[in-house]
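Participant: Predicted model follows, preceded by the sequence.
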Amino acid sequence: MSAAAVPKPLACEFACHAELAKVVFGDAPLDQKAKAMHAIKEQTPLLRQLFAACDAAERHAVQAYLKTADLPLLNTSALATKKGIAFCATFGRSGDQSCYMPPREIASVALREGESIDWQVISAGGRPGLYADDNYNFYYASQCYGSFDLVDSFDREVLESHAAWGADAFAVALNKDVPDMVYSRSHPVASHLPAIAYKLQYPSVRWVARMGDPLSMSVTNKRDHIPQVVPELSKYSDDYYESIELAIYDLADQVLVTNENQFLHMHAYCRSQDLKAKFRDKAVVFAPPSLDSRYCDIHHSKYQLVNEVINIAYFGIMFYRGRELRSFFELLENPQVVLHIFAPVFPKQELEAWSFSVASLTDDALQNHARVCVNDAVGNLEFLNIAQKMDYLYVEDLEFAGPINPYLPSKVADYRCAGSKILAKVQEGSALSKIDHPDVIRFTEVTPDLLDSLAKQ
């Protein structure tokens, strides 16, 4: 629908927004971008006021216009006819995928629903110990909701605090108007606890539960028994994680999984035949959403690259259970390759224990290697800007012991936003191995042919 059908005061605000967005996504210095973004944020209360004054036909016209309008920085919560509560124990404020993904997901869920949703986020904020990503929160995450309630009683590592946070978040939700929809997402799993309680209190409210990974089976394909800390869930299982999974299958109206493999894996290990059938009926594949590629141009990084070499980057945690990145370093066997690492913590003890095929690289040798550039982690928007300048971005499947690898690295969503070619080391049959895209180069081991194929892009 054209802007002509939109009430004139709102149409004027939309036109102003579009001009401000050009500054944010353009070549202006970051301080000018920040001023433009502040002006965009100052529009939000006025947009809410103007939309509230519209009659039903005008609101319908606005909603129809927003479906096709190019207003990427607009906080559409101000222009919503539906209300939603999003229980996300981590949300948008720290440098971690469990914080980066929830804002994108609630924005994408609104698109799937076909109209704007006035999201009321209830969260513990960021993850303690991780750097605060203020730019991501300022330019993106804070534009995805209408209100934000901080419930900071959560400690991810202390199971007893999960129940406490769930009860506190539920109490906050009860003081709000009953919404049209509730959304919860894991990880962390505690995000689902207030949603379960809310669904039991208000059965008619639609609950969409996002399960980023399997809960009750670990990356080693074993069931790690986690003692029950929420007595009310004992009817499902005496295992805390399993009880949450089964409660979701039982009570949620829709269950979002990241890929088909995840569904097959979780469906196979479910020990309740009745709830397995419910899960099958409710499950929907919902891949990790990417940002608009224009977000790559907000934070112009000063990170320097040598253009004459082949620059390959890896962003994220370097080593953890099921993934060691040996093949990433084997790419150095091509003498033109320079590796760039952006990691929150450089893992000295792990590197000292391994010998890579390119050389016996101890931590000191790797830190000072002429073709390995080790950097601290950067914020998401700077990461995107750096990533789009790389020749290749590296991602690796988690090595899974079972017949179906259920894990899809969410990093792929950011890499695809950046638009650079992706070197993806895959496990046969994994979700990552099934991505068929010209920019995704899939391989199972570093071979001479792969090394010879690397080139400046």
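Facilitator: Thanks, I have it. Residues are numbered from 1 along each chain as shown.
Participant: Give the full set of residues in contact with Ser272.
Facilitator: Contacts were defined as Cβ atoms under 8 Å, 6 or more residues apart in numbering; by that measure Ser272 touches Leu246, Tyr249. No exception for glycine: its C-beta is placed from N, CA and C like everyone else's.
Participant: From Asp213, how far off is it?
Facilitator: 20 Å (Cβ to Cβ, to the nearest Å).
Participant: again with Lys302
Facilitator: Between Lys302 and Asp213 the distance is 35 Å, computed by Cβ to Cβ.
Participant: the more surrounded of these two?
Facilitator: Regarding Lys302 and Asp213, a neighbour count based on other Cβ atoms under 10 Å identifies Asp213 as having more, with 19 against 7.
Participant: wait, what's in contact with that one?
Facilitator: Listed by Cβ under 8 Å, 6+ apart, the contact set of Asp213 reads Ser186, His187, Thr258, Gln262, Pro406, Tyr407.
Participant: distance of it from Ala431?
Facilitator: Taking Cβ to Cβ as the criterion, Asp213 is separated from Ala431 by 12 Å.
Participant: which neighbours do the two share?
Facilitator: Among the neighbours of Asp213, those also in contact with Ala431 (Cβ under 8 Å, 6+ apart) are Thr258, Gln262, Pro406, Tyr407.
Participant: out of those residues, who has the most neighbours?
Facilitator: Highest count within those by other Cβ under 10 Å belongs to Pro406, 26 neighbours.
Participant: sorry, back to before: can you put the shared contacts of Asp213 and Ala431 in a markdown table and add pLDDT and distance to His437?
Facilitator: Supplementary listing: those in a markdown table, determined by pLDDT from 0 to 100; distance: Cβ to Cβ, whole Å:
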| residue | pLDDT | distance to His437 |
| --- | --- | --- |
| Thr258 | 94 | 17 |
| Gln262 | 95 | 20 |
| Pro406 | 93 | 21 |
| Tyr407 | 91 | 19 |
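Participant: Show me the domain layout of the protein.
Facilitator: Using automatic domain parsing, the domain parsing of the chain gives 1-68, 80-285, 301-453.
Participant: nearest to Leu74, of these?
Facilitator: domain 1-68 (5.8 Å; Cβ to Cβ).
Participant: I'd like to know the average pLDDT value across that closest one.
Facilitator: For domain 1-68, the mean pLDDT works out to 90.
Participant: What of stretch 223-236?
Facilitator: Per-residue pLDDT over stretch 223-236 has a mean of 88.
Participant: tell me which residues in it are buried?
Facilitator: Applying a neighbour-count criterion of 16 or more other Cβ atoms under 10 Å, the buried positions in stretch 223-236 are Ile226, Gln228, Val229, Val230, Leu233, Tyr236.
Participant: How about stretch 243-259?
Facilitator: Of all the residues in stretch 243-259, those buried under the rule 16+ other Cβ under 10 Å are 243-252, 254-259.
Participant: re earlier: looking at the contacts of Asp213, which one is closest to Tyr202?
Facilitator: Sorting the contacts of Asp213 by how near they are to Tyr202, with Cβ to Cβ, puts Ser186 at the top with 21.0 Å.
Participant: what about the closest residue to Gly379 other than its chain neighbours, neighbour count?
Facilitator: Spatial nearest neighbour of Gly379, excluding adjacent residues (Cβ to Cβ, 6 or more residues apart in numbering): Asp133 at 4.4 Å. Residue neighbour count, defined by other Cβ under 10 Å, stands at 25 for Asp133.
Participant: Same question for Ala80.
Facilitator: Applying other Cβ under 10 Å, we find 23 residues neighbouring Ala80.
Participant: Likewise for Glu308?
Facilitator: By the criterion of other Cβ under 10 Å, Glu308 has 9 neighbours.
Participant: Which helix or strand contains it?
Facilitator: Element membership for Glu308 (DSSP states H and E) is empty, with no helix or strand holding it.
Participant: how near is it to Asp391?
Facilitator: Using Cβ to Cβ, which is the criterion applied here, Glu308 is 11 Å from Asp391.
Participant: Then Thr258?
Facilitator: Summarising the geometry, the distance separating Thr258 from Asp391, computed by Cβ to Cβ, is 27 Å.
Participant: ok so, going back, of the shared contacts of Asp213 and Ala431, which belong to strands?
Facilitator: Among the shared contacts of Asp213 and Ala431, DSSP state E puts none in strands.
Participant: now those residues in TSV, with distance to Lys35?
Facilitator: Written out in TSV, the entries for the shared contacts of Asp213 and Ala431 read as follows (distance: Cβ to Cβ, whole Å):
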residue	distance to Lys35
Thr258	38
Gln262	43
Pro406	45
Tyr407	41
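Participant: Filter the residues you listed down to the ones in helices?
Facilitator: The helices in this structure, assigned by DSSP state H, contain Gln262 from these.
Participant: Now do stretch 43-55: everything it contacts.
Facilitator: Counting contacts by Cβ under 8 Å, 6+ apart, the residues outside stretch 43-55 that touch it are 7, 9-10, 13, 16-17, 59, 62, 74-75, 77-79, 146.
Participant: Give the buried subset of those residues as a PyMOL selection command.
Facilitator: In PyMOL, a selection of the buried entries from the contacts of stretch 43-55 looks like this (16+ other Cβ under 10 Å):
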select buried, resi 7+10+13+17+59+62+74+75+77+78+79+146
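Participant: now, among the contacts of stretch 43-55, which is nearest to Asp439?
Facilitator: When the contacts of stretch 43-55 are compared for distance to Asp439 (Cβ to Cβ), Leu74 comes out closest, at 28.8 Å.
Participant: Which strand or helix spans the spatially closest residue to the closest one that is not a sequence neighbour?
Facilitator: Spatial nearest neighbour of Leu74, excluding adjacent residues (Cβ to Cβ, 6+ apart): His17 at 5.8 Å. Element membership for His17 (DSSP H and E) is helix 8-24.
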